[in-house]
Structures are given as C-alpha cells and as structure tokens.
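Engineer: following is a predicted model, sequence given first.
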Protein chains: 2
Amino acid sequence: MEVKVVRDILEVNEVIAQENQRVFSERGIYVLNLMGSPGTGKTTLLERTLERLRERWKVGVIEGDIATSQDAERIARHGVPTVQINTGGACHLDGNMIRGALGELDLEGLDLLVVENVGNLVCPAEFRIGEDDKVMILSVTEGEDKPLKYPLMFQVSSALLLNKMDLLPYVDFDLERFRQYALKVNPRLEIMEISCKTGEGLDRWVQWLEGRISKKRG
Amino acid sequence: MEVKVVRDILEVNEVIAQENQRVFSERGIYVLNLMGSPGTGKTTLLERTLERLRERWKVGVIEGDIATSQDAERIARHGVPTVQINTGGACHLDGNMIRGALGELDLEGLDLLVVENVGNLVCPAEFRIGEDDKVMILSVTEGEDKPLKYPLMFQVSSALLLNKMDLLPYVDFDLERFRQYALKVNPRLEIMEISCKTGEGLDRWVQWLEGRISKKRG
C-alpha cells in the first residue's frame, strides 16, 4: 500500500518533469540539478562558477531550501536572477516545485539554469525536475565509502565534484579507493577534484559545463 | 491528498514507536537515536563511545544504512551485539524497521541500545523509533548556518555533538554564531564540542550519556 503510493508520486513527478524539460528545451536552456549533503559546498561552488560564466552566458538560479533565503541572497549578490523555493520541511525538490518557480523567473534568453537542491545525499536523487544533468558534490571530509553506502545519488549523476581538496592533508580519505568505489557504482561518472577555497580544478569544471551549455544551444 | 498520506504514515509510525518504547522501558534499556549527515562521524563516535562504555554497561547496536553492512562490521569488531538494517533506498529508519530488528537482538540485560540512523540531516528527524533521546552530530566542516536551514533536526535533538573540532583551524566556521543559531532553534539543546580523532570532549559526552543510562536503570 505504502509502496504503491510512493510509485504513484514518482510517476506523477515524472510527467511534470518531462513537461518542464520541454519548456527548457524549446528555449535551448541547459538545466543543471546540483545535489549533495548539507555543507558540502553547493552554494560556494555556484558562486565560483557564476564568477567564471556570467560574462559569456546568461544564467538563472533556483535555490531549494527547507527554510531561509540565505542562499538565494548570496547568489543574487552576483547579479543573477534567482528564485528561492522553501520546501517547508520536504527533503528534496520535485518537478512541481520547479514548475511553480518558473512563473517567477524570466526564461527569456537564458543559456543556463542551475537548480541547487536541498542538502541531502539521498532523496533528491529520486526526483527528476526536468534537468539535462544531475551533478553531485561530495567533500573529502565525508569519507571514501559514500558511493557504496548511498549508491543512487552516484548512479544518477553525470559528474561528481570532489570538493575541499585543500583539506585532504588533514583527513583520512583514500582517493584511489574512492575512485574505485564511485566508478564501480557508475562507470561513466566524470570525477573532478576541486577546491572552492583555492580554485583547484574549477577551470576543468567550468570547461565541462560550458561544453554542455554549447551543445544544448546548438 | 499527498499530505494526508504523509500524515497517515507518521501516525502509524507513532503507534509502533510507542510500542517499541514500552518494550525498552519494561527492561530499563536506555535507547539513543543517533543522527547526522553522511560522513559526519556517527560510526566513529560510536566506536569511541563503546571503547569507553562497554566495561561498565551492556550495549547493543542497530546500524541503519541504505546499503552495505560496513558499519555493522566495524561495530561488531568491538564485541558488541549488532544488527544491520538495510533500508533498500529509504532515507530514514522508522518504528517498524526497529521492531523487525528486535527479533534478531537479545535484549536480555542490555543497559544501552544505540540506533545509528541513515546519514541524512532531514528525514530521520521526522520518525520516532521508540528512543529516549535523539542526539545529532554536526561537523565544523558543514558550516555554522545549518541550524537555520535544517531546523527540525536541531529542534528534536536533546544533545548536539559538534565534531571534527581538530579541523577548525582549516575551515571557516564561526563557533559563536553557530551556538547562537542552534540555541535560537532549540534553547534547551546541549552542545558539546568534540573530536573523535583527538578525543577532545569525549569524556564530557560519555558522562552525559552515562547520566542518562543511570537514570533509566533507576
């Protein structure tokens, strides 16, 4: 009974996500669904990315949080149109929340829409929102065993940003073992080592992202 | 409609959680529900705690994970009866999962049962399992704004262990502001600064825990 309800919710979500995707694709907007645990560095990555992209591309942002509009305020300071979704307790964004937010965002001329999901390594992976790619962030402080213990997030992501590389000397994190685990769960996962603090790896990340945007613009 | 279903699930869970609690209380077992994000240090804290407690108290452990039994194996090495629950995708433990696990755990003579929840700062806070206290771990690497952004977990917890204090010199984490935020959300929250790596603060934590166990044993 409970399983049936969950399946229904996922099926309804899938229909709405596909509608969102059609809206985005008609306008040639590349949509990124950015996921990861609380505090892994999603908003900071987004800030560093906007600094590097906003001269060349028109970017919009949807910020998903359970409460507060702190992240949206941080992003809006970069001069980028930003909409805050407060889920009011819900642990992930879904297609319907994104559809609701589109009424408040001017899609005209946008090249890239970044959706920062609720901080959670589990639930956001289950709900498509109409994105082209899911990208996840994990930090070296979180441990190398995470791909095995939270496999779905790693399976559905196109790319993984391994963040806080500047803290690597101070934590027990086996990089080689991490790569093995992650690629075992998803052999096609693109893994990029970054530090939003030092800037390490951000050029490669931005290059990857611009390749995706260019392809979508056609 | 969807909200109604969610409410039903929570109500059913509450009934089962109360049944579990009766089973534990009849035997004088103090039950701890340990929560926090993936990689924040729940299993390591549990190992350090068992080393300090197991001479004086009989302890049992239930390990909740989406997949793998790695954590249960780590704990079982400490010579403590351990049961692994694999949720198979679900983002939290609930009362019914704990009830199922009790059949595999010998409760006879137990003083303390620790339930390590699925790594998630959101969903586990909503589901009681029959515990005496919820205790949460947050690490200084996760940022001081978390109480405002994920308030429920902080509201339902009796104590908060602020972990990875050894990394404080290398991250931007404002301790004073964190305490303000956390106590604003939950004025009765007991905050203890710890490092499972250096041992800082663990004596105070174990003292707190033993006080609770003693009180329950009566």
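Structural biologist: The structure has been received and is ready for your questions.
Engineer: run a quick neighbour tally on the residue lying closest to A:T141 once chain neighbours are set aside.
Structural biologist: Of all residues not flanking A:T141 in the chain, B:T141 sits nearest, at 4.3 Å (C-beta to C-beta, 6 or more residues apart in numbering or on different chains). Every residue, glycine included, has its C-beta placed from N, CA and C. Here the count is done by other C-beta atoms under 10 Å in any protein chain shown, and B:T141 has 27 residues near it.
Engineer: list the contacts for B:T141?
Structural biologist: A:G39, A:S139, A:T141, A:K164, A:L167, B:K164, B:L167, B:V171, B:F173 (C-beta atoms under 8 Å, 6 or more residues apart in numbering or on different chains).
Engineer: and of those, the nearest to B:F24?
Structural biologist: B:K164 (31.0 Å; C-beta to C-beta).
Engineer: picking up where we left off before, isn't there a strand covering the residue nearest to A:T141?
Structural biologist: No - going by DSSP: H, G, I helix; E, B strand; the rest coil, the assignment for B:T141 is helix, not a strand.
Engineer: residue numbers of chain A in contact with chain B?
Structural biologist: Chain A comes close to chain B at residues A:2, A:5, A:9, A:37-40, A:65-68, A:70, A:89, A:91, A:118-123, A:126, A:139, A:141-143, A:145-146, A:148-152, A:164, A:166-167, A:170-171, as judged by C-beta under 8 Å from any C-beta of the partner chain.
Engineer: next step: those residues restricted to helices.
Structural biologist: A:E2, A:V5, A:I9, A:Q70, A:K146, A:L148, A:K149, A:P151, A:L152 (DSSP state H).
Engineer: tell me if I'm right that the second one and B:V5 touch.
Structural biologist: Meaning A:V5. Yes - counting by C-beta atoms under 8 Å, B:V5 is a contact partner of A:V5 at 5.3 Å.
Engineer: tell me who's in contact with A:E126.
Structural biologist: Here A:E126 is in contact with A:L10, A:H92, A:L152, B:G89 (C-beta under 8 Å, 6+ apart).
Engineer: cool, A:N96 as well?
Structural biologist: Taking C-beta under 8 Å, 6+ apart, one finds A:N13, A:I16 in contact with A:N96.
Engineer: and the pLDDT for A:E2?
Structural biologist: According to the prediction, A:E2 has pLDDT 53.
Engineer: and what of the one 3 residues further on?
Structural biologist: According to the per-residue confidence, A:V5 scores 71 in pLDDT.
Engineer: okay, which residue is most central for chain A?
Structural biologist: Residue closest to the average C-alpha location in chain A (C-alpha atoms, centre = their mean): A:L34, at 0.5 Å.
Engineer: for that residue, helix, strand, or coil?
Structural biologist: Going by three-state DSSP: A:L34 is strand.
Engineer: surely it and A:L45 touch.
Structural biologist: Yes - A:L34 lies in contact with A:L45 (C-beta under 8 Å); the separation is 7.5 Å.
Engineer: need the overlap of contacts for those two.
Structural biologist: With C-beta under 8 Å, 6+ apart, A:L34 and A:L45 have common neighbours A:I137.
Engineer: hang on, A:I137 in a strand?
Structural biologist: Yes - counting by three-state DSSP, A:I137 is located in a strand.
Engineer: I'd say it and A:P38 touch.
Structural biologist: No - using C-beta under 8 Å as the test, A:I137 is too far from A:P38 to be in contact (11.1 Å).
Engineer: which residues are in contact with stretch A:100-112?
Structural biologist: A:20, A:23-24, A:27-32, A:53, A:57-60, A:62, A:81, A:83, A:85, A:113, A:209, A:213, A:217.
Engineer: show me the residues you listed that map onto helices.
Structural biologist: Those of these lying in helices (DSSP H): A:N20, A:V23, A:F24, A:L53, A:L209, A:I213, A:R217.
Engineer: ok, and the closest non-adjacent residue to the fourth one?
Structural biologist: Across the structure, with C-beta to C-beta, 6+ apart as the measure, the residue nearest A:L53 apart from its sequence neighbours is A:V59 (6.0 Å).
Engineer: I figured that neighbour hits A:V80, correct?
Structural biologist: Yes - using C-beta under 8 Å, A:V59 is in contact with A:V80, at 5.3 Å.
Engineer: of the two, give the one with the bigger neighbour count.
Structural biologist: A:V59 (25 against 18).
Engineer: contacting residues for that one?
Structural biologist: A:L50, A:L53, A:V80, A:L110, A:D111, A:L112, A:L113, A:V114.
Engineer: let's see that with 10 Å instead.
Structural biologist: Counting by C-beta atoms under 10 Å, 6 or more residues apart in numbering or on different chains, A:V59 makes contact with A:29-30, A:32, A:46, A:49-50, A:53, A:75, A:78-82, A:110-114, A:213.
Engineer: cool, and A:G64?
Structural biologist: A:33-35, A:42, A:71-72, A:83-87, A:90, A:92-94, A:97-98, A:101, A:115-120, A:124, A:129.
Engineer: repeat that with 8 Å
Structural biologist: Contacts of A:G64 (C-beta under 8 Å, 6+ apart): A:I85, A:T87, A:H92, A:L93, A:M97, A:V115, A:E116, A:N117, A:V118.
Engineer: got it, and A:R54?
Structural biologist: Contacts of A:R54 by C-beta under 8 Å, 6+ apart are A:H78, A:G79, A:V80.
Engineer: surely the last one meets A:V61?
Structural biologist: This means A:V80. Yes - at 5.6 Å, A:V80 counts as touching A:V61 under the criterion of C-beta under 8 Å.
Engineer: which residues are common contacts for those two?
Structural biologist: Shared contacts of A:V80 and A:V61, counting by C-beta under 8 Å, 6+ apart, come down to A:L50.
Engineer: residues in contact with the lowest-mean-pLDDT helix or strand in chain A?
Structural biologist: Here the helix or strand of chain A ranked lowest by mean pLDDT, DSSP states H and E is helix A:2-26, holding a mean of 89. Helix A:2-26 is contacted from outside by A:30-31, A:94-96, A:98-99, A:102, A:107, A:113, A:126-132, A:216, B:2, B:5, B:9, using C-beta under 8 Å, 6+ apart.
Engineer: just stretch A:158-177 next, same as before
Structural biologist: By C-beta under 8 Å, 6+ apart, stretch A:158-177 touches A:40-41, A:45, A:133-141, A:143-144, A:154, A:178, A:182, A:188-198, A:200-201, A:205, A:208, B:141, B:166-167, B:170-171.
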